[in-house]
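Colleague: Following is a predicted model, sequence given first.
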Amino acid sequence: SRLYRKKVVAQGTMEMALQQVLASRQRLASLQQSQRSMAIQLRQANLQLSHTNVYAPFAASISNGGLDKGAFVSVGRPVAVLESTEAIDLPVAFPLSSLYKIANRQGKSIPLEKIPSFLKRLPHVTVQKVSLPHITWRGRVIRVSGSVDLRTRTVNVWIRVSKKHNNGTSLLPGVFCKAS
C-alpha cells in the first residue's frame, strides 16, 4: 500500500497483487489442513500396521519376495512365494503308455476314472537326482491332473517328497529328477 500511496503502482495493479496474496494464503491454509489430515491418516495406518501379522499356513521359508519396502499391494498381486521347509510337491509328466501298464498290472484292468485313486494308493515313489543318481528321496502321489496333454500324451501327477534324504541332502526346487 505504500507503493500505491507514493503513486509508484497503479490501483488496479495493487488490487490484483492483493488478490493474489489472499489466494496464496488461502491455498497455503488449505494445504496445511490437508497435511494435518494426512498426518492423522498416516498415524492411523501405522497403528493398524503395527497390529498386523501375516502367518504362513505351514512351516515355510520365503523363496521369492514379490514386494519392495514401501511398495503398494494390489488385489491379486503375489506378495511372496512360500516353500515348505518339510516337503516339496513335484509335478511329473507321466506318459499314458506307462499309466496303462500300471493300470493293467497283473492282468487286472482298472477303469480310467479309478486310475487317480489307484496311483494315490501306490506304496511310494522314488525320486532320484539326475546328476547324482545315488541320491534319492521317497515320496507319495498326492494328486493326479484331470486332463491329458494331447501334444505330449502325458498326464501330470504330483508327488510329495520329504526334502530331507537319509544323509540330510535337501531336495531343492528346480533340480532335475527322475521318478520311478
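Modeller: Thanks, I have the structure now. Numbering: from 1, shown residues only.

Colleague: ok, longest strand in this structure?
Modeller: Determined from DSSP state E, the single longest strand within the chain is strand 136-149.

Colleague: List every C-alpha atom in that strand, with coordinates, as CSV.
Modeller: Output of strand 136-149 as CSV, limited to C-alpha atoms (Å, rounded to 0.1, in the frame of the first residue of the first chain):
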residue,chain,number,x,y,z
THR,A,136,17.2,-90.5,-3.7
TRP,A,137,14.1,-89.4,-1.9
ARG,A,138,10.9,-91.2,-1.2
GLY,A,139,7.5,-89.7,-2.0
ARG,A,140,3.8,-90.4,-2.5
VAL,A,141,1.4,-89.5,-5.2
ILE,A,142,-0.9,-86.8,-3.8
ARG,A,143,-2.9,-85.8,-6.8
VAL,A,144,-3.4,-86.5,-10.5
SER,A,145,-4.3,-84.0,-13.1
GLY,A,146,-7.8,-84.3,-14.5
SER,A,147,-6.7,-83.7,-18.1
VAL,A,148,-4.2,-85.2,-20.6
ASP,A,149,-1.7,-83.1,-22.5
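
Colleague: quick one: average confidence on that strand?
Modeller: Taken as a whole, strand 136-149 has a mean pLDDT of 82.

Colleague: Equivalent analysis for stretch 30-42, please.
Modeller: 95.

Colleague: helices or strands next to the lengthiest helix in the chain in the packing?
Modeller: If each helix of the chain is counted by residues according to DSSP state H, the longest one is helix 11-50. Helices and strands touching helix 11-50, by 3 or more CB pairs under 8 Å, 6 or more residues apart in numbering; DSSP states H and E, are helix 2-5. Backbone N, C-alpha and C define where each C-beta goes, glycine included.

Colleague: could you redo the last one with a cut-off of 6 Å?
Modeller: Taking 3 or more CB pairs under 6 Å, 6 or more residues apart in numbering; DSSP states H and E as contact, there are no helices or strands that helix 11-50 lies on.

Colleague: Within its sheet, name the partner strands of the helix or strand that it is followed by and how each one runs.
Modeller: Heading C-terminal from helix 11-50, the first helix or strand you meet, by DSSP states H and E, is strand 60-65. If you go by DSSP bridges, strand 60-65 pairs up with strand 80-84 (antiparallel).

Colleague: what comes up buried for the longest strand of the chain?
Modeller: Within strand 136-149, the residues scored as buried using 16 or more other CB atoms under 10 Å are 136, 137, 139, 140, 141, 144.
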